[in-house]
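> Predicted model and sequence below, questions to follow.
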Amino acid sequence: MTVGLVVVSHSERAAEGIVEIAAEMAGETRIEAVGGDGQGGIGTVPDDIGEALAAVAGEAAGGAEADEPPADGVVVLVDLGSAVMNAEVAIELSDVDAVIADAPVLEGAVNAAVAATDPSATLESVREQAEAAAEISKV
């Protein structure tokens, strides 16, 4: 199974920065950033999250780079409460096999990116590694 990632933040710039960091560890894993309210403000939009899910799964134009294989499943990392709700809505409306990781968004994205490079990665194993980031001490 090939597992991709979607990073959802209330800030478009934050999501892009997190993806930039995680991509350093991701090899050919597809990762999409999605954030903001679609009008340059803070927030999240279910339709935008759904488009990112489709892009990672290779179902939409303008998605991840062509040399990255489409994902069979997607782990979604979110920053704050309403991002969870909007990601849940997007997943329900999508045909993509996706799960939300209950993980710190940056550390979880990095852990998930590393885990997704494993040839035996599964949706559950990548989510578990993202969630394991909650136990990492920074000091």
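That came through fine. Numbering: from 1, shown residues only.

> In stretch 75-87, which residues are buried?
Residues of stretch 75-87 classed as buried: Val75, Val76, Leu77, Val78, Asp79, Ala83, Val84, Asn86, Ala87 (neighbour count, 16 or more other Cβ atoms under 10 Å). To be clear about C-beta, it is placed using only N, CA and C from the backbone, and glycine gets the same treatment.

> now swap in stretch 100-117 and tell me
By neighbour count on 16+ other Cβ under 10 Å, the buried set for stretch 100-117 is 100-101, 103-116.

> Could you list the buried residues of stretch 8-17?
Neighbour-count burial for stretch 8-17, counted by 16+ other Cβ under 10 Å, picks out Val8, Ser9, His10, Ser11, Glu12, Ala14, Ala15, Glu16, Gly17.

> now the closest residue to Gly36 other than its chain neighbours: how far from Gly81?
What sits nearest to Gly36 in space, not counting adjacent residues and going by Cβ to Cβ, 6 or more residues apart in numbering, is Glu12, at 3.7 Å. Noted for Glu12: a distance of 18 Å to Gly81, by Cβ to Cβ, to the nearest Å.

> How about Val56: what's its closest non-neighbour residue?
The shortest distance from Val56 to any non-neighbouring residue, by Cβ to Cβ, 6+ apart, is to Gly4 (3.7 Å).

> Repeat that for Ala109.
Spatial nearest neighbour of Ala109, chain neighbours left out: Ala22 (4.0 Å); criterion: Cβ to Cβ, 6+ apart.
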